[in-house]
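> After the sequence you'll find the predicted model.
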Amino acid sequence: MSIEGLPEQPGKFAASVKVGPKGQIVIPKGARELFGIHPGDTVLVLADAERGIAVLPGSALDQMIETGFPASPQDGQ
């Protein structure tokens, strides 16, 4: 079964893309709409040799930092 044959599910998106001659890929419109990614936005690319590549909205970095470095009680004063 190809990716194109998968049934649509709310909140999910799947597509295959080709890597261009400069190593670039296009994030498909459905994925951009799902995550609110617009021209000029920053995205976060994570890569792991065993697990693959993930492309996340730039806001994911802010969330990771907040989780890893929660505000201390002194920050609220």
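Nice, thanks for sending it over.

> tell me which element residue 47 falls in.
Assigned by DSSP states H and E, residue 47 belongs to strand 43-48.

> Could you report the neighbour count for residue 50?
Summarising burial for residue 50: neighbours were counted as other C-beta atoms under 10 Å, giving 4. For glycine as for every other residue, the C-beta is placed from the backbone atoms N, C-alpha and C.

> so what's it up against?
The contact partners of residue 50, taken as C-beta atoms under 8 Å, 6 or more residues apart in numbering, number zero.

> from here on, count from 5
Renumbered: residue one is now 5, and that last one reads residue 54.

> how about it, secondary structure?
coil (DSSP: H, G, I helix; E, B strand; the rest coil).

> Backbone dihedrals for it, please?
The phi/psi pair for residue 54 (degrees, to the nearest 10) reads phi -90, psi -30.

> And for the one 5 residues further on?
Backbone torsions of residue 59, given as degrees, to the nearest 10, read phi -120, psi 120.

> What average pLDDT does the strand holding residue 51 get?
The average pLDDT within strand 47-52 is 93.

> What helix or strand is the most centrally placed residue in the chain located in?
Nearest to the geometric centre of the chain sits residue 60, at 1.9 Å (C-alpha atoms, centre = their mean). Using DSSP H and E, residue 60 maps to strand 56-61.

> buried residues in stretch 23-38?
Within stretch 23-38, the residues that count as buried by 16 or more other C-beta atoms under 10 Å are 35, 36.

> How far off centre is it?
Stretch 23-38 sits 11 Å away from the centroid of its parent chain (C-alpha atoms, centre = their mean, to the nearest Å).

> what sits up against that stretch?
For stretch 23-38, contacts defined as C-beta under 8 Å, 6+ apart pick out 15, 17, 19, 21, 22, 41, 42, 47, 59.
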